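K.L.:
Structure of the sequence below:
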Amino acid sequence: NLLYLFDPAVDLTTSRFVFAASLWLTAVFLARQLVSARRWRWLGILFIWLALFPVYLLTMPNVVGRADTFEFQVVIPQLGIAHPTGYPLYILLGRLFAALPVGSVAWRINIASAVFATSALSLLYLAGRRLWKEPIAALLAAVLFGLTPTFWSQAVEAEVYALHALVTAGALWLMAVMLDHGIEADCCATPVFGWPSSSGWQRPVWMLALVIGLGLTNHLTSIILIPAAVLAVWLAYGKCLRTQGWTANGLLLLKVGLAILLPLLLYAYLPLRWEALHEEPMGWGRFVDWVIGGRFQGALQLTAWLNDRTRYEIVWRLLLAEWGWFNLLLALLGLIYAAVRNWRVALVLLVTWAGYIFYALNYHVPDLAVFLIPAYAVIALLWGAGMASILAIIASLLDRRGWTAYRFPLSAVIILLLILPALGRVVRN
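P.N.:
Residues are numbered from 1 along each chain as shown. Below you'll find the model as predicted:
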């Protein structure tokens, strides 16, 4: 509440938000003291839903939107066909929400995005908690990412990007599980996800392939996750792949291929509904052009990163507008901490981030910020790592001097100082 000393303006909306944030953070600190670390897996998810879902509901319109939002609000309830690439996964999932018996139809479609967005942040929290072993840092990183301007805007309207964020967060979580599990002495025999068999380590591999396959039926930029996914599998389970033989590797490759390809059958929705709606076959040429987004191909210019230097200024301006200098520097500290702690994790996160940044450098569209949401998710993870590194340094210094009793109050003060710049940005949002 010291924020009020530096802001003479009276704004009841801002005041209520800051007060609610204070109560929420107090509850988080109390829970951190009273609840064991093992129970924080689900408690952190509960705190995310308590923090963000009410905010999304309060800022969500219940009327028909504009542009693509309007299109989805009209198309989804009648199981129509949206503009290329068709987005069959989003259409079918959105139809479930359209059947809710409350609110306007527009509100029902909008709330699907809120559910997808909050679920994505829950998975991002689980990934950060798995990687940095610091639940408070992972929790705050997920919540602050959920209140950044672009992500917040996509969480309260009918659009595909909240579901795209859910796919990205699911992939990042599975990669975190693999990298954390794979550094053990004998990862091939150590159970993961409760599978005691020697092939239990394969489960997150084909699950990751399935997530990416589902992502391709919602937004084709999910293909950018593949290089990072392959790298994560090799860094985590390279020893297992080298020792289990060609036959076993071939079977695993078959599972991975099926996990990616089977979700693509959802695209059969397009020709089936086309004929029902238009009373004529869609045709193979029109189907392919629709799925690959042929009308948008001209916007992707793969040499723009070499020929157009202004693209770097545009992308940097978007990153700065979303996070600000302080938060970006904290994320950079997190990258250094991740590299020291486990260079494999840092490399996979960097490859994921670089893939979406490269795409943004070459894609000429006015709404470029929404295509950077996966890159922002990586920044959020690294922001959490930056906070975790500072807390680890403070804890180490206090332990050396025997001042362990002061660890929690001093950590709480440090956390407050670190989130104040982010909270100020959220208030302005």
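K.L.:
ok, the nearest residue to Trp152 once chain neighbours are set aside - contacts?
P.N.:
The shortest distance from Trp152 to any non-neighbouring residue, by CB to CB, 6 or more residues apart in numbering, is to Asn429 (6.4 Å). For the C-beta atoms, the positions are set from N, CA and C on the backbone; glycine is no exception. With contact set as CB atoms under 8 Å, 6 or more residues apart in numbering, Asn429 has these partners: Leu147, Thr148, Pro149, Trp152.
K.L.:
Now do the end-to-end distance for stretch 71-81.
P.N.:
10 Å (CA to CA, to the nearest Å).
K.L.:
Can you give me the buried ones in that stretch?
P.N.:
Neighbour counts using 16 or more other CB atoms under 10 Å place Glu71, Phe72, Gln73, Val74, Val75, Ile76, Pro77, Leu79, Ile81 of stretch 71-81 among the buried residues.
K.L.:
Could you work out the most separated pair of those?
P.N.:
Spatially, the most separated pair among the buried residues of stretch 71-81 is Gln73 and Ile81, at 14.5 Å (CB to CB).
K.L.:
outside of stretch 340-348, which residues touch it?
P.N.:
In this structure, residues lying in contact with stretch 340-348 by CB under 8 Å, 6+ apart are 131-132, 175-176, 179, 182-183, 228, 231-232, 235-236, 335, 338-339.
K.L.:
Helices of the stretch 1-150 of the chain, start to end?
P.N.:
In the stretch 1-150 of the chain, the segments counted as helices under DSSP state H, counting those that start in this stretch are 12-34, 40-58, 67-75, 88-98, 105-132, 135-146, 149-154.
K.L.:
Quick check, Gly44 in contact with Ala127.
P.N.:
No - in this structure, Gly44 is not within contact of Ala127 by CB atoms under 8 Å, at 11.5 Å.
K.L.:
Of those two, which one has the most company?
P.N.:
Taking other CB atoms under 10 Å, Gly44 and Ala127 do not tie; Ala127 has more neighbours (29 against 22).
K.L.:
ok, that one - contacts?
P.N.:
The contact partners of Ala127, by CB under 8 Å, 6+ apart, come to Ala138, Ala169, Leu172, Trp173, Met175, Ala176, Leu381.
K.L.:
Secondary structure class of the second one, three-state.
P.N.:
Pointing back at Ala169 there. What DSSP: H, G, I helix; E, B strand; the rest coil gives for Ala169 is helix.
K.L.:
Tally up the residues packed near Asn62, please.
P.N.:
12.
K.L.:
repeat for Gly245
P.N.:
So Gly245, with other CB under 10 Å, has 10 neighbours.
K.L.:
same thing with the one 10 residues further on?
P.N.:
Number of residues near Lys255 (other CB under 10 Å) recorded here: 16.
K.L.:
does Ile415 sit in a helix, a strand or a coil?
P.N.:
Following three-state DSSP, Ile415 is assigned to helix.
K.L.:
Give me the distance between it and Ala392.
P.N.:
Here Ile415 is placed at a distance of 13 Å from Ala392 (CB to CB, to the nearest Å).
K.L.:
before we move on, the earlier item: put the buried members of the contacts of Asn429 into a ChimeraX selection.
P.N.:
The following ChimeraX line selects those of those that are buried, judged by 16+ other CB under 10 Å:
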select :147,148,152
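K.L.:
In a markdown table, list the contacts of Asn429 along with pLDDT.
P.N.:
Compiled in a markdown table, the contacts of Asn429 are given as follows (pLDDT from 0 to 100):
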| residue | pLDDT |
| --- | --- |
| Leu147 | 94 |
| Thr148 | 94 |
| Pro149 | 93 |
| Trp152 | 95 |
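K.L.:
shared neighbours, Gly44 and Ala127?
P.N.:
Shared contacts of Gly44 and Ala127 (CB under 8 Å, 6+ apart): Ala138.
K.L.:
Among the contacts of Ala127, find me the one that's closest to Glu275.
P.N.:
Set against Glu275, the nearest of these by CB to CB is Ala169 (35.6 Å).
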